[in-house]
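[1] Quick one, structure for this:
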Amino acid sequence: MTAPLIDADSRPQPLSLSALVDALSLRDLTDPAQGPHALQVLVSSAADALGTRWDADVRVLRSRPVVAVEDNYDRLGYRPDAVSRDLRYTRYVSDTTMLRSHTSAGVPPALRALASSPSGPHGSPSRDVLLVLPGICHRRDSIDRLHTGTPHQLDLWLLRRGGRRLDHDDLHALVTTLVGAVLPGAHWRWTATTHPYTTGGREVEAIHDGHPVEIAECGLAAPEVLAAAGLSPSSWSGLALGMGLDRVLMLRSGIPDIRLLRSADPRVASQLTGLTPYQPVSDLPPARRDISAAVPAGSDAEVLGDRVREALGPDADLVEEVTVLSTTPYDELPAAARARLGIRPGQENVLLRLVLRPVDRTLTSEEANTLRDRVAAALTR
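    Sure, this is the predicted structure:
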């Protein structure tokens, strides 16, 4: 059993007011107005390199994280039954608004603005336009050293009116230029994939220590997306790319844990204003606690990770990893175990392991037990 998808007859369940306030209070590390951070250096490096390569009109666009559902999904070509709209993965604010799940949500408004610019959508050819859209996004995700529910992304859309149409050779050049700017010397590869807002989509992986690590997805801008914004596909062509900034910074500077990007420890924070190699502060011992709980059947690592974040609030950063050790359906449990767990049909027993390790200190046993109890209480509600 899985959470329902949004359709014409269902209503999204909005975030609570406190959860919304917490989300909007979280610092966007890509925004210079909120203090310097290495992610901003990556954004500038990418924009400068691509702007120079194409002699483009570079437009850096920032917006609030609450966006129209139509801009996040419909106007980018997502189907009404797309799994990404699932209540498990999307943070709805109301029936018509949400916390953006990707910075691509800023693209439809940017394209509409381009279509209504003084030169008009059908004017004479001019310089290519590079849209640069950095920002924080909000998702329900698993908990480990590489994943967070609030990743930072960078959308880069190169648009051309008239002249030679942008094609896959240009797309390859864009990726080559981008990787050279943010991960100098790195080898990369791409494989075919699909996106609602591109044609000829590609997934880009950097090769790190001999292993591929996904860093971006890209493709040719879908004609339907351009047309919906008022840009005639017969006149306009484009390249679209979205990159995960957090992971790129971790690869660039050798940062082992994504939580370090937000660390307030001066020994860590002082290293996160540039792109120099990260120097470990200390190797603190973890505390491990196991939890057995009855949860709705089909609860995956992303759903459970989000439940843990909700249970702990600001203390969620104390959790390094949440691992599902085992899952047992209701029908496979003995009667005594069902009674002990208070489990009901439609639920399953999940055994979770919490790895608790702050980035700047060691937890006491009492603190670890308290965190475990808070998570257990939330999961069994």
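[2] What helix or strand is residue 279 located in?
    Using DSSP states H and E, residue 279 sits in no helix or strand.
[3] Let me see the contact set for the residue nearest to the spatial centre of the chain.
    Nearest residue to the geometric centre of the chain (C-alpha atoms, centre = their mean): residue 151, 4.2 Å. Residues counted as contacts of residue 151 (C-beta atoms under 8 Å, 6 or more residues apart in numbering) are 136-137, 139, 141, 244-246. Bear in mind the C-beta positions are built from the backbone N, C-alpha and C, glycine included.
[4] How much space separates it from residue 31?
    Per C-beta to C-beta, to the nearest Å, residue 151 is found 15 Å from residue 31.
[5] Same question for residue 260.
    Separation of residue 260 from residue 31 (C-beta to C-beta) stands at 19 Å.
[6] out of the two, which sits in the busier spot?
    residue 260 (22 against 17; other C-beta atoms under 10 Å).
[7] what sits against the more buried one?
    Per C-beta under 8 Å, 6+ apart, neighbours of residue 260: 268, 272, 278, 359.
[8] Which of those fall within helices?
    Judged by DSSP state H, the contacts of residue 260 include residue 268 as members of helices.
[9] least confident pick among the contacts of residue 260?
    Lowest pLDDT within these is found at residue 359 (83).
[10] which ones are touching the residue nearest to residue 318 when sequence neighbours are not counted?
    The spatially closest residue to residue 318, leaving aside those adjacent along the chain, is residue 358, at 5.1 Å (C-beta to C-beta, 6 or more residues apart in numbering). Applying C-beta under 8 Å, 6+ apart to residue 358 gives the contacts 284, 317-318.
[11] Enumerate the positions of the helix ranked longest in the chain that are buried.
    Counting by DSSP H, the longest helix found in the chain is helix 38-54. Under the neighbour-count criterion of 16 or more other C-beta atoms under 10 Å, helix 38-54 has 38-43, 45-47, 49-51, 53-54 buried.
[12] go on, stretch 153-173?
    Across stretch 153-173, burial judged by 16+ other C-beta under 10 Å covers 153-161, 166, 170-171.
[13] Would you work out how far apart the start and end of that stretch are?
    Taking C-alpha to C-alpha, to the nearest Å, the first and last residues of stretch 153-173 lie 21 Å apart.
[14] Please identify the helix or strand for the nearest residue to residue 313 once chain neighbours are set aside.
    Nearest residue to residue 313 in three dimensions, chain neighbours excluded: residue 22, at 7.1 Å (C-beta to C-beta, 6+ apart). Under the criterion DSSP H and E, the helix or strand holding residue 22 is helix 17-25.
[15] List of residues touching that helix?
    Identification of contacts with helix 17-25 by C-beta under 8 Å, 6+ apart yields 15, 64-66, 91, 93, 99, 138, 150, 310, 313-314.
[16] one more time with 6 Å, if that's ok
    99, 138 (C-beta atoms under 6 Å, 6 or more residues apart in numbering).
[17] Distance to residue 302 for the contacts of residue 358 - can I get that in CSV?
    Listed next are the contacts of residue 358 as CSV, based on distance: C-beta to C-beta, whole Å:
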residue, distance to residue 302
284, 27
317, 18
318, 20
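[18] Most neighbours of all these, which one?
    residue 318 (19 neighbours).
[19] Please tell me how far it sits from residue 351.
    In terms of C-beta to C-beta, residue 318 sits 21 Å off from residue 351.
[20] rewinding a little: C-terminal to the longest helix of the chain, what's the next element?
    By DSSP H and E, the next helix or strand past helix 38-54 is strand 57-60.
[21] Would you list the strands that whatever helix or strand comes next after that next one pairs with, along with their directions?
    Proceeding N to C from strand 57-60, the next assigned helix or strand is strand 66-68, under DSSP H and E. If you go by DSSP bridges, strand 66-68 pairs up with strand 97-99 (antiparallel).
[22] how far does the next helix-or-strand element following the strand it pairs with sit from the chain's center?
    Next helix or strand after strand 97-99 toward the C-terminus (DSSP H and E): helix 107-115. Offset of helix 107-115 from its chain centre (C-alpha atoms, centre = their mean, to the nearest Å): 22 Å.
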